[in-house]
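Enquirer: This is the structure alone, sequence omitted:
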């Protein structure tokens, strides 16, 4: 038996127009600098992981924070060589499966709305 699959290509321009740009994502991340607890901390942590995956940030250190939770220290890739980069600290909120699912759903809603949620 022989079969042939023909891939269907979605309209990529329409999909990309729904997503926020990297500058918007960075602005959203930096605007949440004070988020250390609750849903905002979960959202900021997931956003930081997404920016790491997009290779906009890199991890320079990981330490144990005051509350006994891991803290990632991130810096933005690129930029001037002679200027010390700003270090962003992101606290691991210690999420369970329900918190991860809720955070991913909220992150997806914000990205789909273009950051207006």
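Expert: Nice, I can see it. Every value quoted in this text rests on a predicted model; they were computed, and no experiment measured them.
Enquirer: can I assume residue 45 sits in a strand?
Expert: No. Under the criterion used here (DSSP: H, G, I helix; E, B strand; the rest coil), residue 45 is helix, not part of a strand.
Enquirer: Compute the number of surrounding residues for it.
Expert: 22 (other Cβ atoms under 10 Å). For the C-beta atoms, the positions are set from N, CA and C on the backbone; glycine is no exception.
Enquirer: What of residue 43?
Expert: The tally of other residues near residue 43 (other Cβ under 10 Å) stands at 21.
Enquirer: Now do the same contact list for the residue most central in space within the chain.
Expert: The residue lying closest to the centre of the chain (Cα atoms, centre = their mean) is residue 47, at 1.9 Å. Shown in contact with residue 47 (Cβ atoms under 8 Å, 6 or more residues apart in numbering): 25, 28-29, 32, 107.
Enquirer: is residue 90 in a bridge, and if so with what?
Expert: Residue 90 has these beta-bridge partners by DSSP bridges: residue 72.
Enquirer: Pull out the buried positions in the helix or strand hosting residue 104.
Expert: Assessed by DSSP states H and E, residue 104 sits inside helix 97-113. For helix 97-113, burial by neighbour count (16 or more other Cβ atoms under 10 Å) applies to 99, 103, 106-107, 110-111.
Enquirer: likewise stretch 38-45?
Expert: Here stretch 38-45 shows 41-45 as buried, counting by 16+ other Cβ under 10 Å.
Enquirer: With pLDDT added, can I get those in a markdown table?
Expert: Listed next are these as a markdown table, based on pLDDT from 0 to 100:
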| residue | pLDDT |
| --- | --- |
| 41 | 81 |
| 42 | 82 |
| 43 | 83 |
| 44 | 86 |
| 45 | 87 |
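Enquirer: where does the chain have low pLDDT?
Expert: 1, 10-19, 113-117 (pLDDT under 70).
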